[in-house]
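Q: would you be able to build a 3D model of this:
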Amino acid sequence: MSVFSESALEKKLAELSNSQQSVQTLSLWLIHHRKHSKTIVKVWYSELKKAQVSRKLTFLYLANDVIQNSKRKGPEFTQDFAPVIVDAFKHVSSEGEEGCKKHLERVLSIWQERAVYENDLLDKLTVVLHGEKKAKKRPYEEIKVTGDDFASQSSPANPPQTADLIRALQELENAASSDSALRQRITALPSEVQDSSLLHRITDKESGERLSRLVEEACMLLADYSGRLAAEIDDRRQLTRLLALFLQSQRDGLAKNEQKLEEYKRKLAQVTQVRKELRSRLNSLPDLSRLPNVTGGHVRLPSSGDLYSPSD
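A: Numbers count the residues shown, from 1 in each chain. This next block holds a predicted model:
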């Protein structure tokens, strides 16, 4: 890990990209230097306001990753981000790219479900995004996603499109749980970094420092993987909700189409009956084309010219 300084942090923030790896790598570096959390938050907020529009949301992603993954090591970042996070949400919501509000809502929903902050602060963030206080979101564990949950909704608002589901499924193709290479690295960690009862094997300072480096690397590796797994869980929960809404919209569409089908079957039966009766009526009527010519209401009798030709 490189030595911490404000200039080093500014450089790393300038190099920050929107990729998951870039965000997580810088997040781990910040967490490693958590004793400088106040300075980190100050520089982060300053650079956020100066960042290009297309990069502002990435700064929020970084803050989210740091806040969540640093909690196991201490409350520093959670506490130090609190005074500026509402203004940061306001700034990104108003100055960020079009559509970033949806991503901010996603971050907020995760914080609500995990109780990252107190309700008062979460309510302020809700007001920033929605303009008014909304009902507190239930934790996911209290929500049972079944067909009955949506039975009372005749038409769920904004059901997800097929493209949204395909995109969500594709994102899970590279999820943490499918990263076999990383799992193998974790499995290959030496037993000394996982079992404190083996510390008696350390007999000199050099071996102790070597083990200390291994333990630090293992902590970072496991923290990174844990963060990715937590993000994957959130993605799968979101996908579950999308699928439930999509299925309900399909059920509603199916019910409407079945009603239409019955309606048009009745119409077809009515038209078929009219056709049958019309044909029957037509068959019972005389064929006027086969009757003698009628003029003035009298039958015209054939004349001699009609019966014999001049040559006869």
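
Q: my guess is residue 105 meets residue 128, correct?
A: No: the pair residue 105 / residue 128 is not scored as a contact, 10.4 Å apart, by C-beta atoms under 8 Å. For every residue, glycine as well, the C-beta is placed using N, CA and C.

Q: so where's the protein uncertain?
A: Along the chain, segments meeting pLDDT under 70 span 1-2, 96, 132-159, 174, 289-312.

Q: tell me where it has strands.
A: Along the chain, the segments classed as strands by DSSP state E run 294-295, 298-299.

Q: show me where the stretch 1-150 of the chain has helices.
A: 6-15, 20-32, 37-50, 56-70, 76-95, 100-114, 119-130 (DSSP state H, counting those that start in this stretch).

Q: which of these sits closest to residue 212?
A: helix 20-32 (13.5 Å; C-beta to C-beta).

Q: by contact count, what packs against the closest one?
A: helix 6-15, helix 56-70, helix 205-284 (3 or more C-beta pairs under 8 Å, 6 or more residues apart in numbering; DSSP states H and E).

Q: any idea of the angle the second one forms with helix 20-32?
A: Using axes from the mean of the first three to the mean of the last three C-alpha atoms, to 10 degrees, one finds that helix 56-70 and helix 20-32 are set 50 degrees apart in direction.

Q: for the first one, same thing?
A: Using the same axes, to 10 degrees, the direction of helix 6-15 lies 160 degrees away from that of helix 20-32.

Q: again, but for the longest one
A: Between the direction of helix 205-284 and that of helix 20-32, the angle (the same axes, to 10 degrees) works out to 140 degrees.

Q: how far off centre is helix 205-284?
A: Computed by C-alpha atoms, centre = their mean, to the nearest Å, the chain-centroid distance of helix 205-284 equals 12 Å.

Q: by contact count, what packs against that helix?
A: Going by 3+ C-beta pairs under 8 Å, 6+ apart, helix 205-284 lies up against helix 20-32, helix 56-70, helix 162-171, helix 180-187.

Q: re the thing from before, adding distance to residue 188 and mean neighbour count, write the helices of the stretch 1-150 of the chain out as TSV.
A: Formatted as TSV, these follow (distance: least, C-beta to C-beta, whole Å; neighbours: other C-beta atoms under 10 Å):
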stretch	distance to residue 188	mean neighbour count
helix 6-15	29	14
helix 20-32	20	19
helix 37-50	32	18
helix 56-70	23	22
helix 76-95	30	18
helix 100-114	31	17
helix 119-130	41	16
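
Q: now distance to residue 235 too, for the ones you listed, in a markdown table please.
A: Output for those, formatted as a markdown table (distance: least, C-beta to C-beta, whole Å):
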| stretch | distance to residue 235 |
| --- | --- |
| helix 6-15 | 26 |
| helix 20-32 | 11 |
| helix 37-50 | 25 |
| helix 56-70 | 14 |
| helix 76-95 | 21 |
| helix 100-114 | 10 |
| helix 119-130 | 20 |
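
Q: wait, which of the ones you listed is closest to residue 268?
A: Nearest to residue 268, of those and by C-beta to C-beta, is helix 100-114 at 45.5 Å.

Q: contact partners of the closest one?
A: The contact list for helix 100-114, computed with C-beta atoms under 8 Å, 6 or more residues apart in numbering, reads 56-57, 60-61, 64, 68, 89, 92-93, 116-117, 122, 125-126, 129, 136-137, 139-140, 234, 238.

Q: can you state the direction angle for it and helix 119-130?
A: Relative orientation of helix 100-114 versus helix 119-130 (the same axes, to 10 degrees): 160 degrees.

Q: tilt between helix 100-114 and helix 76-95?
A: Going by the same axes, to 10 degrees, helix 100-114 makes 150 degrees with helix 76-95.

Q: ok, now which ones touch the closest residue in space to residue 229 that isn't next to it in sequence?
A: Nearest non-adjacent residue to residue 229, counting by C-beta to C-beta, 6 or more residues apart in numbering: residue 176, 4.7 Å away. Neighbouring residues of residue 176 by C-beta under 8 Å, 6+ apart: 182, 225, 228-229, 231-232.

Q: closest one of those residues to residue 170?
A: Relative to residue 170, and with distances defined as C-beta to C-beta, the nearest of the contacts of residue 176 is residue 232, at 13.7 Å.

Q: surely the closest one meets residue 172?
A: Yes: with contact defined as C-beta under 8 Å, residue 232 reaches residue 172; the gap is 7.2 Å.

Q: among those two, which residue is more densely surrounded?
A: Per other C-beta atoms under 10 Å, whichever of residue 232 and residue 172 has more neighbours is residue 232, with 18 against 14.

Q: with adjacent residues omitted, what lies nearest to the more buried one?
A: Nearest residue to residue 232, sequence neighbours excluded (C-beta to C-beta, 6+ apart): residue 175, at 4.4 Å.

Q: before we move on, back to that, which of the helices and strands packed on helix 20-32 sits closest to residue 36?
A: Proximity to residue 36 (C-beta to C-beta) singles out helix 6-15 among the helices and strands packed on helix 20-32, at 8.4 Å.
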